[in-house]
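[1] Here's a sequence, model it:
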Amino acid sequence: MKPTAVNTGLIMGTTSVVFTVLCYILGPWAFGSMWLLLAMTIVSLTGFFYFAIQARKMNGGYFTYAEAYKFCIVVTAVWVPIMIFSKYLFILIDLPFFEQVNELMVEDQITRFEAFGMPEAQINVAVAEVEKSYAESLTPIGQVKALAWMFFGFAIVDLLFALFIRKKRPEFA
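    Predicted coordinates for the structure are as follows:
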């Protein structure tokens, strides 16, 4: 099971790298696009599910919950660092590009805050916080924090995902 999970993690990581390159080619707006993020999430979850079902088939067609969760955790342990490292590599290569991404995201936040009728003073405080948070995310420590939060988030998602890919062996078969 482990080689299959590692291979799946490598495939998922490669998919993330391709997505990062695609967003880079499309321009700064692509990194903040909710539609592209949604599309990537759907593609990733579909791929993850497909490979998990294939791994289950290789395991005789059955996965206990523990086996399913271990599979998901191994995939995550391989996939997430590749995803974070590839994005950070682009940050190191072209920091001005990601500063443009930040500006677009701040402008988008301001538009949303104004649409909700938020007072100007609150908008200024919120924008300052967003800018500070984004600036911190571009540092190596910020990327390590992102990695930790992604592992935490994926660990929870993996718990749920394992529910869908588990399949008990019949007791009397």
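
[2] doesn't residue 127 make contact with residue 106?
    Yes - under the criterion of C-beta atoms under 8 Å, residue 106 makes contact with residue 127 at 5.8 Å. C-beta: built from backbone N, CA, C; applies to glycine.

[3] where's the nearest residue to residue 51 once chain neighbours are set aside, which helix or strand?
    Excluding its sequence neighbours, the residue lying closest to residue 51 (C-beta to C-beta, 6 or more residues apart in numbering) is residue 8, at 4.1 Å. Counting by DSSP states H and E, the element that carries residue 8 is helix 2-26.

[4] which is the next helix or strand following that helix?
    Next along the chain after helix 2-26, taking DSSP H and E as the criterion, comes helix 28-31.

[5] where in the protein is pLDDT low?
    1-2, 172-173 (pLDDT under 70).

[6] what are the ranges of the helices in it?
    2-26, 28-31, 34-58, 65-93, 95-115, 120-137, 140-165 (DSSP state H).

[7] Would you format these as TSV with mean neighbour count included?
    Formatted as TSV, the helices of the chain follow (neighbours: other C-beta atoms under 10 Å):
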stretch	mean neighbour count
helix 2-26	16
helix 28-31	18
helix 34-58	14
helix 65-93	19
helix 95-115	15
helix 120-137	13
helix 140-165	14
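
[8] wait, which of those helices is closest to residue 171?
    helix 65-93 (15.8 Å; C-beta to C-beta).

[9] ok, back up a step: check contacts around the residue nearest to residue 51.
    Counting by C-beta atoms under 8 Å, 6 or more residues apart in numbering, residue 8 touches 48, 51, 52, 55, 71, 75, 78, 79.

[10] Go again with 10 Å.
    For residue 8, the contact set (C-beta atoms under 10 Å, 6 or more residues apart in numbering) comprises 47-48, 50-52, 54-55, 71-72, 74-76, 78-79.

[11] So which of those is the closest to residue 165?
    Taking those together and measuring to residue 165 by C-beta to C-beta, the closest member is residue 52, at 4.3 Å.

[12] Next, the contact list for the closest one, please.
    Here residue 52 is in contact with 4-5, 8, 63, 68, 71-72, 75, 161-162, 164-166 (C-beta under 10 Å, 6+ apart).

[13] would JSON lines of those with distance to residue 19 be doable?
    Listed next are those as JSON lines, based on distance: C-beta to C-beta, whole Å:
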{"residue": "4", "distance to residue 19": "22"}
{"residue": "5", "distance to residue 19": "21"}
{"residue": "8", "distance to residue 19": "16"}
{"residue": "63", "distance to residue 19": "28"}
{"residue": "68", "distance to residue 19": "25"}
{"residue": "71", "distance to residue 19": "22"}
{"residue": "72", "distance to residue 19": "20"}
{"residue": "75", "distance to residue 19": "16"}
{"residue": "161", "distance to residue 19": "20"}
{"residue": "162", "distance to residue 19": "24"}
{"residue": "164", "distance to residue 19": "23"}
{"residue": "165", "distance to residue 19": "23"}
{"residue": "166", "distance to residue 19": "28"}
